[in-house]
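**Student:** Build me a model from this:
(3 chains)
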Amino acid sequence: MEPPLPELPEVETVRRGLAPVMEGRLIAQADVRRPDLRWPLPEGMAARLTGQRVLRLRRRSKYILADLSSGETLIVHLGMSGRMLISVPDGVRAAPGIFFHTHPAPEKHDHVVLDMEDGTRITFNDARRFGAMDLVATAECDSHKMLAGLGPEPLGNAFSESYLVARLKDRATPIKSALLDQRTVAGLGNIYVCETLFRAGISPTRAAGRIAAARVAGLVPIIRKVLTEAIEAGGSSLRDYRQAGGELGYFQHAFRVYGREGGACTTPGCDGTVQRLVQSGRSSFYCARCQR
DNA sequence: CTTGGGTCCTGTGCGC
DNA sequence: TGCGCACAGGACCCAA
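**Tutor:** Below is the predicted model:
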């Protein structure tokens, strides 16, 4: 089974995994092995990263933001298949209880390599090259093209019930599309939208503006819970992965509908079957019996 | 303004 | 055994 694609919880898990080896540390050497990801990497990126200290690792939506001592911020998007591998010159360097592999031979899709001052190496690997990186002044980060139009963070205070009700009022677009739209709420992808709508008992095809306000409001705590649970699962896998060697970006998580076409609905008392339908080119998984 | 569809990328898995 | 193809899908871009 293909591991889940990086949405907000996966990105947050990667951020948490990288933080202890990057925050406060100097990038001794940055190397770009392939400059054409989703877009061309910024001009002179390797030189602009080399010698900089990572002040802080933040996350906005599905983006990881590394604030540097130069006053610039490295923006990273994992795309579909992006992952981060942490390795060390030798296993004894790892902190107590944490094990990372020794530096492996470069692989085909290793596009960016960061060697930290203490010898820890972070390798960005992205087979499908939907990932992206950019480097901008920290002060202008929020107005960057990739971040400017984003809606509120789903786990933040701005994502309120009244906000969502107002945002979806009179919208003709299917609720599935509305929640996938990063301007509505930032960080949800196909998997967690499917899981959210299943828990809410709302059909993915229903027009957003035709859902009772109380049910729309109910989506807010459900979205928070779905994401929080996934982040917690990511935390568990992080501990496992560290034991296993430091590959970040993927973890096992049990989904109730996503990828379960033909499977039994897990709602107590429901004898429905999980269906799959395609909405604007994307698969929606849902139970037609308990999602209305 | 809203909405929908095309495009990019490559590894995986299926049918024949 | 090998080939062709559908599929995965986030985010930009453009057309209606």
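**Student:** switch to C-alpha atoms for all contacts and neighbour counts from now on
**Tutor:** Noted.
**Student:** Near the closest residue to A:Asp142 other than its chain neighbours, how many other residues are there?
**Tutor:** Distance criterion Cα to Cα, 6 or more residues apart in numbering; nearest residue to A:Asp142, sequence neighbours excluded, is A:Ala148 at 5.7 Å. Burial of A:Ala148 is recorded as 12 neighbouring residues (other Cα atoms under 10 Å).
**Student:** ok, A:Ala148 to A:Arg183 distance?
**Tutor:** For A:Ala148, the distance to A:Arg183 (Cα to Cα, to the nearest Å) stands at 9 Å.
**Student:** Over to A:Thr267?
**Tutor:** Following Cα to Cα, the distance that separates A:Thr267 from A:Arg183 is 31 Å.
**Student:** Check A:Ala158 too.
**Tutor:** 13 Å.
**Student:** what touches both of those two?
**Tutor:** A:Pro152 (Cα atoms under 8 Å, 6 or more residues apart in numbering).
**Student:** just checking, what packs against the helix or strand hosting A:Ala46?
**Tutor:** Using DSSP states H and E, A:Ala46 maps to helix A:45-49. If you count contacts as 3 or more Cα pairs under 8 Å, 6 or more residues apart in numbering; DSSP states H and E, helix A:45-49 packs onto strand A:27-32.
**Student:** which neighbours does the strand it packs on have in its sheet, and in what orientation?
**Tutor:** Take DSSP bridges as the rule and strand A:27-32 pairs in its sheet with strand A:110-116 (antiparallel).
**Student:** Strand partners (parallel or antiparallel) of the next helix or strand after the partner strand?
**Tutor:** Later in the chain than strand A:110-116, the nearest helix or strand by DSSP H and E is strand A:121-126. Strand partners for strand A:121-126, identified by DSSP bridges, are recorded as strand A:82-88 (antiparallel), strand A:110-116 (antiparallel).
**Student:** what's around the residue of the stretch 51-200 of chain A found nearest DNA strand C, how many residues?
**Tutor:** Closest residue of the stretch 51-200 of chain A to DNA strand C, Cα to the nearest atom of the strand: A:Met146 (3.3 Å). Residues lying near A:Met146 (other Cα under 10 Å) number 14.
**Student:** any idea how far A:Leu227 lies from DNA strand C?
**Tutor:** Distance of A:Leu227 to DNA strand C, computed by Cα to the nearest atom of the strand, to the nearest Å: 14 Å.
**Student:** Give the buried residues for whichever strand or helix holds that residue.
**Tutor:** In this structure, A:Leu227 is located in helix A:213-244 according to DSSP H and E. Neighbour-count burial for helix A:213-244, counted by 16 or more other Cα atoms under 10 Å, picks out A:213, A:216-217, A:219-224, A:226-227, A:230-231, A:233-235, A:237-239, A:241-242.
**Student:** Check the offset of that helix from the chain's centre.
**Tutor:** Relative to the centre of its chain, helix A:213-244 is centred 12 Å away, using Cα atoms, centre = their mean, to the nearest Å.
**Student:** for that helix, packing partners?
**Tutor:** Using 3+ Cα pairs under 8 Å, 6+ apart: helix A:213-244 touches helix A:8-22, helix A:161-168, helix A:190-200, strand A:247-248.
**Student:** closest one to A:Val274 among these?
**Tutor:** Ranking these by their distance to A:Val274 (criterion: Cα to Cα) puts helix A:190-200 first, at 10.0 Å.
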